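Visitor: Make a model of this:
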Amino acid sequence: MDRIILIETSTALCSAAIAEKGRIVSYRESTEDRQHASLTAVFIDEMLRETGYSVKDCDAVCVSMGPGSYTGLRVGVSTAKGLCFGAGIPLLAVGTLEILARQASDEGLVPEGCRYIVPMIDARRMEVYSAVFDTEGHRITDVEPAVIGPESFADRLQEGNVLFIGDGAGKCADVIISPRAHFAQCCPKASSMLVPAMEEYKEKRFKDTAYFEPFYLKEFVATVSRKKLF
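Guide: Numbering: from 1, shown residues only. Coordinates of the predicted model:
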């Protein structure tokens with residue numbers, strides 16, 4: 001049957017989808033910034049009603065596991081765990097950068113002669129979470145935080161066109177100056193989780209629902225406001 005609920009909440013916008021037999025049969029995407037907690041469960045309920053399924057009719061839930069927004073990832077993972085525990089179905093997870101690399105192909109954003117796809121998740125200031133992928137969507141470097149400067153990815157750009165995609169790509173356009181550098185400012189979408197989620201399901205790479213944690217990459221640090229409350 002291969003029916004999977006897909007949840008993407010790693011950046012400012014959230015989305016959800018239901019995949020069945022290798023295609024998306026229902027999809028929801030927010031148009032409001034940072035409404036994950038109020039919209040994610042609503043989206044899933046709407047899609048289940050639309051398709052006539054219950055959670056127990058699905059084979060698994062797949063969530064984007066990061067890197068990304070601390071709060072967004074917590075909402076997505078908590079929702080996914082709740083669905084899995086309640087219905088007794090397995091949990092899957094795919095990386096946010098993998099989703100963006102797939103999205104580049106899904107939406108026809110890969111430029112002619114492209115050698116590499118570099119997904120970028122905004123980490124504030126001029127820092128991003130990134131990795132290098134080939135144009136088939138295979139990751140060829142580790143996921144790591146990077147401070148972007150004029151020489152960033154210069155070695156890759158010498159080889160040919162490079163697509164930088166994600167919510168951290170736009171701010172790099174004024175720094176990485178090259179005719180071979182192409183930029184697509186966007187958030188990852190649940191619809192582009194389809195292929196990697198199906199691959200995880202077929203290989204039975206299920207997560208431990210009780211103990212699974214998002215891939216934050218950097219520890220969340222709580223700070224004390226300097227503003228006086230009284």
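Visitor: Ranking helices and strands of this protein by mean pLDDT, which lands last?
Guide: Least confident helix or strand of the chain, by mean pLDDT, DSSP states H and E, is strand 144-147 with a mean of 93.
Visitor: And it, what's buried?
Guide: Neighbour counts over strand 144-147 (16 or more other C-beta atoms under 10 Å) mark A146 as buried. Using the backbone N, CA and C atoms, a C-beta is placed for each residue, glycine as well.
Visitor: which other residues reach that strand?
Guide: A123, R125, M126, E127, V128, Y129, S130, A131, S152, L217, K218 (C-beta atoms under 8 Å, 6 or more residues apart in numbering).
Visitor: partners of it in the sheet?
Guide: Looking at strand 144-147 with DSSP bridges, its partner strands are strand 127-130 (antiparallel).
Visitor: Now do the strands in this protein.
Guide: 3-8, 15-20, 23-29, 60-64, 91-94, 114-122, 127-130, 144-147, 161-166, 181-185 (DSSP state E).
Visitor: okay if I get those as TSV plus distance to A173?
Guide: What follows is the strands of the chain, written out as TSV (distance: least, C-beta to C-beta, whole Å):
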stretch	distance to A173
strand 3-8	24
strand 15-20	24
strand 23-29	24
strand 60-64	24
strand 91-94	27
strand 114-122	11
strand 127-130	12
strand 144-147	15
strand 161-166	8
strand 181-185	5
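Visitor: For F212, which of the ones you listed is the nearest?
Guide: strand 91-94 (6.2 Å; C-beta to C-beta).
Visitor: Restricting to C-alpha, output that closest one in CSV.
Guide: Provided in CSV are the C-alpha atoms of strand 91-94 (Å, rounded to 0.1, in the frame of the first residue of the first chain):
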residue,chain,number,x,y,z
LEU,A,91,8.2,6.6,12.3
LEU,A,92,10.5,7.7,9.4
ALA,A,93,12.7,10.8,9.1
VAL,A,94,14.5,12.5,6.3
